[in-house]
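Participant: sequence first, predicted model second:
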Amino acid sequence: MLKPIDQGIPMERLFRPGGVTPMEPGSQQAAAVNQGESTAFGKGESCETCDSRKYKDRSDDPSVSFQSPTHISPEQASVKVRAHEHEHVRNEKAQAQREGREVLYQTVVLHGGICPDCGKPYVAGGETRTVTRGSISAEDLKGQVVDTYI
């Protein structure tokens, strides 16, 4: 699961000129880090905030990517975060099989955000949920519903 390293954003950076509504602090920062201040940008100019945004995994799974803060461009973030979350899906499924558990379902949610400086949308992080249960034998289920044998 990708989580934020730092969500401290000055209030003046939460608003964009032109009447855009304010955002909650950290709402667009699910897994990204903004380092340094930026200035106003026109078309084709590079945004320092986007250039310095880094992603870091905050799960207890040491076998997945992003163990150290890593820069990903906003254009590549969707693919790379999705691939990272798929690593969690694969690892959780393998762990359940090793433990003799059944995977009931797995979901991946990608969180999005909008850069407060340049207004570009980007994938801010993701979260994987896995629900498993221990194996249930037919003997365990007897008596739970009516068993009729003809």
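Facilitator: All right, it came through fine.

Participant: now the helices for this structure?
Facilitator: Counting by DSSP state H, the chain has helices at residues 48-52, 74-98, 138-141.

Participant: which regions of the chain lie under the pLDDT threshold?
Facilitator: Applying pLDDT under 70 to the chain picks out residues 1-46, 147-150.

Participant: which of the helices of the chain is buried the deepest?
Facilitator: Each of the helices of the chain was assessed for mean neighbour count using mean count of other Cβ atoms under 10 Å. The highest is helix 48-52, with a mean of 18. All C-beta atoms are positioned from the backbone trio N, CA, C, and that covers glycine.

Participant: output that one as PDB, nothing but the C-alphas.
Facilitator: Coordinates of each C-alpha in helix 48-52 appear next as PDB, following Å, rounded to 0.1, in the frame of the first residue of the first chain:
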ATOM      1  CA  GLU A  48       8.700  21.800  -9.500                       C
ATOM      2  CA  THR A  49       6.000  20.100  -7.300                       C
ATOM      3  CA  CYS A  50       5.400  17.400  -9.900                       C
ATOM      4  CA  ASP A  51       9.100  17.100 -10.600                       C
ATOM      5  CA  SER A  52       9.800  16.400  -6.900                       C
END
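
Participant: which strands and helices lie in contact with it?
Facilitator: Of the remaining helices and strands, none touches helix 48-52 by 3 or more Cβ pairs under 8 Å, 6 or more residues apart in numbering; DSSP states H and E.

Participant: picking up where we left off before, wait, which of the helices of the chain is closest to V131?
Facilitator: helix 74-98 (9.7 Å; Cβ to Cβ).

Participant: what helices and strands are in contact with that closest one?
Facilitator: By 3+ Cβ pairs under 8 Å, 6+ apart, helix 74-98 packs against strand 2-3, strand 54-57, strand 101-114, strand 121-134.

Participant: will you turn the helices of the chain into JSON lines that also has distance to K120?
Facilitator: Output for these, formatted as JSON lines (distance: least, Cβ to Cβ, whole Å):
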{"stretch": "helix 48-52", "distance to K120": "6"}
{"stretch": "helix 74-98", "distance to K120": "5"}
{"stretch": "helix 138-141", "distance to K120": "53"}
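
Participant: who wins for proximity to G125 among those?
Facilitator: That would be helix 74-98 among these, by Cβ to Cβ, at 6.5 Å.
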